[in-house]
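1. coords below, sequence missing:
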C-alpha cells in the first residue's frame with residue numbers, strides 16, 4: 001500500500017522514526033553487557049548469573065516474534081507498534097527499579113515482549129507506507145541501527161557505568177522512546193486491522209513454553225542448587241517440543257513452519273549460520289566479564305575494546321556481496337567460518353598484560369569475517385524459498401536466530417559456573433573465560449562442515 005500522492009515524502013520520516021526506535025533497542029542490548037559486573041555487585045549475585053538477564057530478553061523475542069504479524073493484522077499496525085514502544089519502556093523502568101535477579105529477569109521478559117513486536121511491525125509499517133520504487137532506500141534506514149548500535153553501545157555503557165549508575169542504561173530509553181511514540185502517532189497514518197489469518201494458538205503455546213523451559217533449563221543445569229529444577233524444565237521443554245513437532249504435521253499454517261528446513265539452502269543456512277551465532281551471542285557476555293572482573297579493566301576501557309568487533313563488521317558490510325558473488329557461497333562461508341572460529345578461540349589466549357590495541361585488532365578481524373559469514377547466510381537462506389512461504393520463512397529464521405544467541409550465553413554461563421567450582425580459587429576467573437571461549441569457538445567451527453555443502457557459486 002503506497003502513500004497518497006499528496007504526501008510523497010512521508011515515508012522518509014517514517015523510516016527515520018522506526019529506525020530511531022530500533023536504535024533504542026540495539027543500544028539497550030549492547031550497553032547491558034558492559035554493565036553486568038556493576039549490576040552483579042549491586043544485586044549481590046555472581047556475575048555469571050547475569051546471563052539469565054540476557055537470555056530472558058532473547059527468549060521473549062523468540063517466543064513473541066512469530067505472533068507479531070497476526071497482532072498487526074488483528075489490531076492495526078500503528079496501534080500495535082505504539083503499544084510495543086510503551087511495553088518496552090515499561091520494561092525499561094522495571095529493569096531500572098529492581099533490587100533482585102528474579103525481578104530483573106521478569107522485567108527483561110517484558111522488554112522482550114515489546115521488542116518482539118517493535119522490530120517486525122515497524123518493518124511492516126515501512127513497507128506499507130513506502131512506494132515500491134523507493135522501498136530499497138527506505139529499508140536501508142533500518143539497517144543503520146543494527147550497524148551503529150553495537151558501535152555506540154559498548155563505549156556508551158562504559159561511560160554510564162564509570163560516571164553514573166548502571167540503572168541509567170535503562171532510564172536513557174525513556175526520552176528516546178517517548179519521542180519515538182509521539183512521532184509515530186503524528187507521522188504514521190492510521191492502519192486499521194484487517195482480517196488476519198487463522199492464528200495457531202496451540203502452536204504458539206507449545207512452542208513458546210518449550211523454548212522457555214529448554215533455555216532456562218540449560219541456564220540452570222550448571223548450578224548445583226538448581227539441579228532438580230533444571231532437570232524438570234529440560235524434561236518439560238523436550239516433551240512440549242516433541243508435541244509441537246507432532247502438531248506441525250497436522251496443522252496447516254503452524255506458527256513456526258518446520259517443513260521449511262527441508263529446503264536445502266534454507267536448512268543449511270539455519271544450521272550453519274546459527275552454530276556461528278551461538279559464538280556471537282556468547283562473545284559480548286564473556287568479553288565484558290573477562291575484561292572487567294578477570295583483567296580488572298574499567299568499564300570505559302571494556303566498552304572501547306568491545307566496540308572494535310562492531311567496527312570490523314561495518315567495514316565488511318559493503319564488501320561482502322561482491323566477495324560472495326566472485327568466490328561463491330561455499331568458499332566464502334567456509335573461509336569466513338575458519339577465520340572467525342579461530343578469532344573466537346584466540347580470545348582464550350588473552351592475558352592481563354595484553355595491549356588494548358592488540359585486543360581491538362583481533363576483535364575487529366573476527367567481526368570482519370563474521371559479518372561476511374552472516375551476509376552469506378542471510379542471503380542464501382531465502383534463495384529457494386517460494387514467494388508464498390517467504391513470510392513464514394522470515395518468522396522461523398528470526399526466531400531461531402534469537403534462540404541461538406541465547407544458547408550461546410547459556411553455554412558460556414554454564415562453563416563459567418562449572419569451572420568456578422572445580423578450578424583453584426586463584427585461577428578460576430581466567431580459567432573459566434578461557435574454557436568458555438574455547439567451547440563456543442568449537443561450536444562455531446562445527447558450522448564449517450555444513451558450509452562445505454553450499455553450492456560453490458552464487
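-> Looks like it arrived, so ask away. Note that the coordinates shown come from a computational prediction; the quantities given were computed from them, not determined experimentally.
2. Could you report the neighbour count for residue 456?
-> Residues near residue 456, counting by other C-beta atoms under 10 Å, number 11. Where C-beta positions appear, they are placed from N, C-alpha and C, glycine not excepted.
3. Just the pLDDT for it.
-> pLDDT, the model's per-residue confidence, is 77 for residue 456.
4. for it, what are its contacts?
-> 328-331 (C-beta atoms under 8 Å, 6 or more residues apart in numbering).
5. Could you rerun that using 10 Å?
-> Shown in contact with residue 456 (C-beta atoms under 10 Å, 6 or more residues apart in numbering): 327-332.
6. mind checking which helix or strand it is in?
-> Counting by DSSP states H and E, there is no helix or strand that carries residue 456.
7. if I look at it, how far off is residue 327?
-> 9 Å (C-beta to C-beta, to the nearest Å).
8. Could you do residue 260 as well?
-> Distance from residue 260 to residue 327, by C-beta to C-beta: 27 Å.
9. Show me where the stretch 351-458 of the chain has its helices.
-> Per DSSP state H, counting those that start in this stretch, the stretch 351-458 of the chain carries helices over the ranges 356-380, 390-422, 428-451.
10. Of the ones you listed, which is nearest residue 110?
-> Comparison of these against residue 110 by C-beta to C-beta identifies helix 390-422 as nearest, at 16.0 Å.
11. for the closest one, what is the average pLDDT?
-> 84.
12. For that helix, name the packing helices and strands.
-> Contacts defined by 3 or more C-beta pairs under 10 Å, 6 or more residues apart in numbering; DSSP states H and E place helix 390-422 against helix 51-64, helix 68-75, helix 101-128, helix 201-221, helix 264-289, helix 356-380, helix 428-451.
13. Among those, show the one with the smallest mean pLDDT.
-> Taking the mean pLDDT of the helices and strands packed on helix 390-422, helix 68-75 comes last: a mean of 82.
14. and that helix, which residues are buried?
-> Buried residues in helix 68-75, counted by 16 or more other C-beta atoms under 10 Å: 68-74.
15. Pick the one among the residues you listed closest to residue 206.
-> Using C-beta to C-beta, the buried residues of helix 68-75 come closest to residue 206 at residue 70, 16.0 Å.
16. Pipe the buried residues of helix 68-75 into a markdown table and attach distance to residue 449 per row.
-> Shown next, in a markdown table, are the buried residues of helix 68-75 (distance: C-beta to C-beta, whole Å):
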| residue | distance to residue 449 |
| --- | --- |
| 68 | 33 |
| 69 | 34 |
| 70 | 37 |
| 71 | 39 |
| 72 | 39 |
| 73 | 40 |
| 74 | 42 |
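17. closest to residue 198 among those residues?
-> Using C-beta to C-beta, the buried residues of helix 68-75 come closest to residue 198 at residue 70, 8.8 Å.
18. Relative to residue 130, how far out is that closest one?
-> When residue 70 is compared with residue 130 (using C-beta to C-beta), they lie 22 Å apart.
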